[in-house]
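Q: prediction below, plus the sequence it came from.
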Amino acid sequence: MESIKLKGTPKTPTVEFSSENGVLLLKGRSIPENSIEFYKPLINWTENYSASTPSKTVLNVQLEYFNTSSSKCLLDIFKKLERIDNPVTINWYYEEDDEDMLEAGEDYDAIIDITFKMIEVEEI
């Protein structure tokens, strides 16, 4: 299975989804013109990845901001990861003064049956 690497732009996040080591990354801003169009290949990749039963998966979410349409797409990715039988961890990074991003991570944690780790950082 091929990995996905996308360079971030001012409107889309950096994406590094590695099937080899089970480490996935979303970093930057997620305010694409069409969230569904941007995230559809990532959601499809995650579905195929989850079928390959990786031994361990870590998703590092280091978003400084995401819009409402991106939040639904993120939830779709999390739901695909939730189907994996082996351990999955989502490291949710948020800036120390960003209560909204912390709350967003806590909301996802309440919805999804995956281990969420809230990680406070000075700057993303």
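A: Ah, there it is. None of the values given here were measured: they were computed from a predicted structure.

Q: isn't residue 67 up against residue 35?
A: Yes - counting by Cβ atoms under 8 Å, residue 35 is a contact partner of residue 67 at 7.1 Å. Placement of C-beta: from N, CA and C, glycine included.

Q: more neighbours, those two?
A: residue 35 (20 against 14; other Cβ atoms under 10 Å).

Q: the more buried one - nearest residue in space that isn't next to it in sequence?
A: Take residue 35 and drop its neighbours on the chain: the residue closest to it by Cβ to Cβ, 6 or more residues apart in numbering is residue 69, 3.8 Å away.

Q: what does residue 10 give?
A: Nearest to residue 10 is residue 29, by Cβ to Cβ, 6+ apart, at 6.6 Å.

Q: what does the one helix or strand that neighbour maps to contact?
A: If you go by DSSP states H and E, residue 29 is part of strand 23-30. Contact with strand 23-30 is made by 8, 10-18, 57-67, 70, 74, 124, as judged by Cβ atoms under 8 Å, 6 or more residues apart in numbering.
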